[in-house]
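[1] Predicted coordinates and the sequence they were generated for:
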Amino acid sequence: MKRAFLLLIAVVSSACNPLDTTPQGGPNARPLTITGTTENNPGLLTSLSFTFNNKTVNNVGTLNSNGEVTARVEASMMALPPSRRLSEWRAQLGERCDISRLFVTRDESYTALTALQFTNGETASEVRAQTDVRQADGTTLTDRRLFFFTLGGGTIRGDVNCPATHEAYAFDVQLRPGWNTVHEISTFGLTLKQRGTVQYVAEPGATYAGRLLVTADNEGDVR
């Protein structure tokens, strides 16, 4: 379950063409900015990177010893990793799940920043844009932000059921030109010890200022 979304957009082909993100004005020229303070501060000063489709982009931000994070990702940086298409995301889910009710209505190439990365000695860690809220019934609602970049508009909508792994997903992702914030929303129940249906919902956005969480690298992450 933890590694489910990792599998969704892990590299399936290195032959994908990178996006041409030469700034032309408008939404495609805007940088992504991420600011906040880590809730579990590791207490070190280090530079930050991100990885997508097995390609790492370095020096996109800084983690300060007081836990403050500042990151700025130019649109042109998103041309460095190989892009993927929404149809690839759907097809990879289809390897282990029922995707008969999941539809791509406009297939678009995208790249994504799903976490900022750093190394502390030999330990690889990530900084995630994520909020966790305890509900009245004892469950925890998690809203993790994933930052997608695309030059055009694409849509993936519908439901996915994975009987073998007891996973379920609901997609309402409409990507618009430029930066998009994709919310990965899930509820963790203490009784079931697993997440309920994971929802993906997108909105335009190139700015995040809020809670940040340090986790072990690849702990259920997207790459």
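    On my side now, so go ahead.
[2] Mind listing the residues bridging to T51?
    For T51, the beta-bridge partners are T56 (DSSP bridges).
[3] Please look at it and F118 and confirm they touch.
    No: counting by CB atoms under 8 Å, T51 sits too far from F118 to count as a contact (11.7 Å). In this view, the C-beta of every residue, glycine as well, is placed from N, C-alpha and C.
[4] Where is the longest helix in this structure?
    In terms of residue count, the longest helix belonging to the chain (DSSP state H) is helix 86-93.
[5] For the protein, which residues score under the pLDDT cut-off?
    For the chain, the stretches flagged by pLDDT under 70 are 1-27, 190-194, 218-223.
[6] ok, how many other residues are close to T123?
    10 (other CB atoms under 10 Å).
[7] what's the distance between it and R144?
    Counting by CB to CB, to the nearest Å, the gap between T123 and R144 amounts to 21 Å.
[8] just the helices in the protein please.
    Going by DSSP H, the chain shows helices at 4-8, 86-93.
[9] circling back to that earlier point, what's the longest helix of the chain packed up against?
    On a contact count with 3 or more CB pairs under 8 Å, 6 or more residues apart in numbering; DSSP states H and E, helix 86-93 meets helix 4-8, strand 98-106, strand 154-162, strand 167-175.
[10] check contacts around N180.
    Applying CB atoms under 8 Å, 6 or more residues apart in numbering to N180 gives the contacts 147-150, 202-205.
[11] now do 6 Å
    148, 202, 204 (CB atoms under 6 Å, 6 or more residues apart in numbering).
[12] Distance check, the closest residue to the last one other than its chain neighbours against F147.
    In this case it means P204. Of all residues not flanking P204 in the chain, R176 sits nearest, at 5.1 Å (CB to CB, 6 or more residues apart in numbering). Using CB to CB, one gets 13 Å for the distance from R176 to F147.
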